[in-house]
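# Fold the following for me, if possible:
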Amino acid sequence: MKIKIASLVLLLIVSILSVHADKNDLKKANLKGNITSVQTTPYTCEIRFGEYIKNKELDNENNNGGTVYYNDRGNILRKKSVEKPDQAYSEDEKVSYIYKYSYDSLNRLLNIFKVEMKSNIKPDFAPDFAPDKNFLDEMDEMKEEQYKDSLTLEEDKTKNDEEQYNNDKERYNEQYKEYLGYEKQYKEYLDREKQYKEHPTYEDTISKISYIYLPNENYIINNYKINDDKSLTLDDETKYIYINGRIKIDDYDGNGTLQGTKTIKGNLSIGQSATCKQIITMDSFGRPIKVAITFSRLSANLFNYVFNANIFKQSQSSSKMRTVVRKILYNKMGDIANETYFYNNKIKETKYVYIYDNYNNWITKKEYKDGFLVEWTDRVIVYK
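From the prediction side, this is the model:
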C-alpha cells in the first residue's frame, strides 16, 4: 500500500509542477516581493472563553511547516522542518530535517538531499549521571582518608608492628580501591561531557533526489534512499517526456515496474495508477480548480492521505469504484479560499481566511472545516 499511495500522490503533484516549469519557487508558492525566507508554523485550535485561540504547535515536518530559504533567483536554497519532541522518537529528542538544493548553471534543479539532524538528545557517549555536591564531597573525604591512612602505615613501619601494618594495609587497599572506582566514574563523566558538548547534534543524510536532463526538455527524476554505508538504493523513478505538445509522465518503482502514468495537455491532466484514475482541470494560471479521482478501492486512510485532509472517518471504506471530486476556488490574492469535496452524496467544505502583509502575502491562515476552526497557521516572511 505504501508504494501505491506514494505513486498516487506523485501523480497528483507532478501535473501541477509541470505546468509551472517556467516559474521560480517563489512564484509557484504565490509569494510576492524579494524574499529571503519564510517560516511557517501550524497550530491546532481550541475554544476558550468563547473564542478560538492557538493551542498546540504541530509537527511541521508533516504539516507543511518549517522554514524555507530562497536564493537570489527565487528558488529554494534549503528547507528546514522540526518534529516536536512528543512526536519524535522519545520525549528527550528533537528531530530536524534539512533539505539542501543544488542547481546547474542554467538554474535547473540538480539534487535535493534530505538530512536528518538529531539534537537535544542523549547520545551513547553522553554522561550517565551528573555528580552532585554530595558525590564530590565524598570523593574529597575519601582522598583525605587516604592521606591519613598513608601516615598510619608509615607509623606502623617505624614501630615494626607487622601485624598492625598488615591490617591497616588491607583496610587502606580496600578504601583506595573504592576511591579509584569513584575517580574513574568521575573521569568518565568529564570525558563524556566534553564529547557531548563538542557534538550537540548528529547529522545523517538519508535520501537524495536527482534530476537528469535530456534533449528536447525531457528529464528524469530519481529518488534514492541513502544507506548506512552511504550506498544508494533507488526507491522510484519518474520520466517526463514531451510529445506533440503534451507531457507524458511515467512513474516506476525501484525495480523498474510501472506504477502510474499521466498525460498533460493544455489545462487537462489525466493519470492512471494501480489504485485510481484521476483527472485534474486547471485554470489559465495552471492552478488546479477541479480534481476528480476514481478509486478502485477507497478507504478513509487513503482518501485522507491523498487529499491531506481528515475528511472522512476511519470506519468509512468501500470496495466499489468510488469517485471523489475536489473543487477549488481562489481569492483575488491567488490563495485557496475554498475547497469542496464531493463523495458518495456527501459534501465536505473547507474554507480559508487570511491576514495579509503589505506585499499581499498572507501571514496568518485560518482553516475552517464545516464551520469550525481546526488549524491556525502563522508565517514570518523576511524580505531583502
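# So which residues of the stretch 1-150 of the chain form strands?
Under the criterion DSSP state E, counting those that start in this stretch, strands of the stretch 1-150 of the chain are mapped to 35-48, 51-57, 66-70, 76-83, 94-103, 109-119.
# mind putting those strands in CSV, distance to G371 included?
C-beta here means a position set from N, CA and C on the backbone, and glycine is covered the same way. Listed next are the strands of the stretch 1-150 of the chain as CSV, based on distance: least, Cβ to Cβ, whole Å:
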stretch, distance to G371
strand 35-48, 13
strand 51-57, 12
strand 66-70, 29
strand 76-83, 30
strand 94-103, 34
strand 109-119, 38
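# how about those strands, which one is nearest L329?
Nearest of these to L329, taken as Cβ to Cβ: strand 35-48 at 21.8 Å.
# Kindly report the domain assignment for this protein.
2-123+201-383, 133-198 (automatic domain parsing).
# quick one: average confidence on the shortest one?
By that I understand domain 133-198. Averaged across domain 133-198, pLDDT comes to 80.
# Tell me where this protein has helices.
Listed in chain order, the helices of the chain (DSSP state H) span 2-19, 25-28, 133-158, 162-198, 300-307.
# any chance of the domains of the chain in CSV, plus mean neighbour count?
Listed next are the domains of the chain as CSV, based on neighbours: other Cβ atoms under 10 Å:
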stretch, mean neighbour count
domain 2-123+201-383, 16
domain 133-198, 12
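# which residues of the protein score low on pLDDT?
Along the chain, segments meeting pLDDT under 70 span 1-22, 59-63, 83-94, 119-130, 195-201, 296-321.
# K32 touches N360, doesn't it?
Yes. With contact defined as Cβ atoms under 8 Å, K32 and N360 form a contacting pair (5.7 Å).
# List the contacts of S150.
Residues near S150 by Cβ atoms under 8 Å, 6 or more residues apart in numbering: Y172.
# distance of it from V115?
Remark: distance between S150 and V115 (Cβ to Cβ, to the nearest Å) = 56 Å.
# quick one: stretch 360-379 to chain centroid distance?
21 Å (Cα atoms, centre = their mean, to the nearest Å).
# can you list contacts of it?
Contacts of stretch 360-379 (Cβ under 8 Å, 6+ apart): 31-33, 35, 38-45, 52, 54, 58, 64-65, 309, 311, 333, 335, 348-357, 380-381.
# and if you look at stretch 153-167?
Under Cβ under 8 Å, 6+ apart, the answer for stretch 153-167 is 168-169, 172.
# Dig out what K248 forms beta bridges with.
Beta-bridge partners for K248, by DSSP bridges, are I241, T263.
# That one touches G260, doesn't it?
No. The criterion here is Cβ under 8 Å, and K248 misses it with G260 at 11.8 Å.
# OK, contacts around K265?
By Cβ under 8 Å, 6+ apart, the contact list for K265 reads 245-247.
# For I35, see how far away it is.
For K265 relative to I35 (Cβ to Cβ), the value is 33 Å.
# What of K248?
Taken as Cβ to Cβ, the span from K248 to I35 is 34 Å.
# what's the answer for Y252, then?
As for Y252, its distance to I35 is 36 Å (criterion: Cβ to Cβ).
# got TSV for the contacts of K265, with distance to Y343 too?
TSV is the format used below for the contacts of K265 (distance: Cβ to Cβ, whole Å):
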residue	distance to Y343
G245	34
R246	29
I247	28
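# just the strands in the stretch 251-384 of the chain please.
258-265, 268-273, 276-282, 288-295, 298-299, 317-318, 322-330, 336-343, 346-356, 362-369, 372-383.
# Minimum distance to S81: which of these has it?
The nearest among the strands of the stretch 251-384 of the chain, by Cβ to Cβ, is strand 372-383 at 13.6 Å.
# quick check: angle from that closest one to strand 66-70?
For strand 372-383 against strand 66-70, the angle by axes from the mean of the first three to the mean of the last three Cα atoms, to 10 degrees is 30 degrees.
# Can you list the strands that strand 372-383 pairs with?
In the sheet, strand 372-383 lines up with strand 35-48 (antiparallel), strand 362-369 (antiparallel) (DSSP bridges).
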